[in-house]
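Undergrad: My questions concern the predicted model and sequence given below.
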Amino acid sequence: MFLCTLASGSSGNCAVVSNGETHLLVDAGISARRIQAGLTRLNLRREQLAGVLITHEHTDHISGLSVFLKKNEIPVYASKETAQALLCLLPMLRERIHTFRLGTSFAVDGLEVTPFPTWHDTPGSVGYRITNGKARIAVATDLGCVTRQVADAIEGVDLLLLEANYDRDMLRSGSYPAFLKRRIESDYGHLSNEDAGRAAAWAMQNGTKTILLGHLSKENNQAQRALETVGGACAGGIGTVRLEVAPRSEPGLIYFAGESNVEYTDFMCGQTERDVLYTGG
Ligand SMILES: [Zn+2]
Ligand SMILES: [Zn+2]
């Protein structure tokens, strides 16, 4: 399996998760043109997508959705609460939206998807654990805090896209208004680098080989700070875990989870060898 972020940050989130045959988009929070460009870079056409998984309806996760879905019939998956919110914003989704129960797995072609609840300030917000039966990938952003359910969902994944939204000092001394600072720091906001460090250490102790930090705030974080804080928390595992930061506004590397497969070279179009990283056994 592989994961490639097309963008990851407070101003837009979108990722491709694939087993090489079934391709899923997780969120569509950048323009349709940028999503298309990211797919082309992966040698994928949008018609090949088996579905779009939505974590929640905040703009940075859905801004490109309606334009991207025009002139195709790609299904959309969301929790019941998120689906209701989406239908108010985008009634055109009515025919294609599929809802799920939190914690209950469902299959999309060759992939099994398990949505898990996240404490974020919108009802029905989720993260996703996705497996092909051999490798496991989790997308865990907009977490607010790391609950037992989040810890269970990321336990044992090969590859984890983990929120590291803000550096506490930068947020507190920054220019955001007090109410917004409180919202971000609350258990229903975003995950700090310190919180991400604890979650990363937990994942690492449970076998995660690659941790990709994502959803960094432009104002309140820096890649180097996130890496230092989370890396410090994972210090005991240096050498066994690959820790990187997903670029905020451009496509990232292709991260593989589980056994590599020569057919994956199909998805390396236009990329150098260092763009492709392997993880897991
Ligand atoms: Zn959000
Ligand atoms: Zn977000």
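TA: Perfect, I can see it now. Ligands and ions are numbered 1, 2, ... in the order given.

Undergrad: which parts of the stretch 101-250 of the chain sit against ligand 1?
TA: For the stretch 101-250 of the chain, the residues found near ligand 1 under the criterion CB under 5 Å from the ion are Asp142. Heads up, the C-betas are built off the backbone N, CA and C, glycines and all.

Undergrad: could you pull out the helices for the stretch 101-250 of the chain?
TA: 148-154, 168-173, 178-185, 193-205, 223-233 (DSSP state H, counting those that start in this stretch).

Undergrad: pLDDT on stretch 49-61, on average?
TA: Averaged across stretch 49-61, the pLDDT comes to 98.

Undergrad: still on that earlier bit, to Gly29, which of the helices of the stretch 101-250 of the chain lies closest?
TA: helix 178-185 (17.5 Å; CB to CB).

Undergrad: Out of the helices and strands in the protein, which is least certain?
TA: strand 276-277 (a mean of 38; mean pLDDT, DSSP states H and E).

Undergrad: and the nearest residue to Glu185 once chain neighbours are set aside, what does it touch?
TA: Nearest non-adjacent residue to Glu185, counting by CB to CB, 6 or more residues apart in numbering: Leu171, 6.8 Å away. By CB atoms under 8 Å, 6 or more residues apart in numbering, the contact list for Leu171 reads Lys181, Ile184, Glu185, Ser192, Ser217, Asn220.

Undergrad: Could you list the low-pLDDT ranges of the stretch 101-250 of the chain?
TA: Confidence mapping of the stretch 101-250 of the chain against pLDDT under 70 gives the ranges 237-239.

Undergrad: so where do the strands sit in the stretch 51-200 of the chain?
TA: 76-79, 97-100, 106-108, 111-117, 126-131, 136-140, 159-163 (DSSP state E, counting those that start in this stretch).

Undergrad: Each with direction, which strands does the last one pair with?
TA: In the sheet containing strand 159-163, its partner strands are strand 136-140 (parallel), strand 210-214 (parallel), by DSSP bridges.
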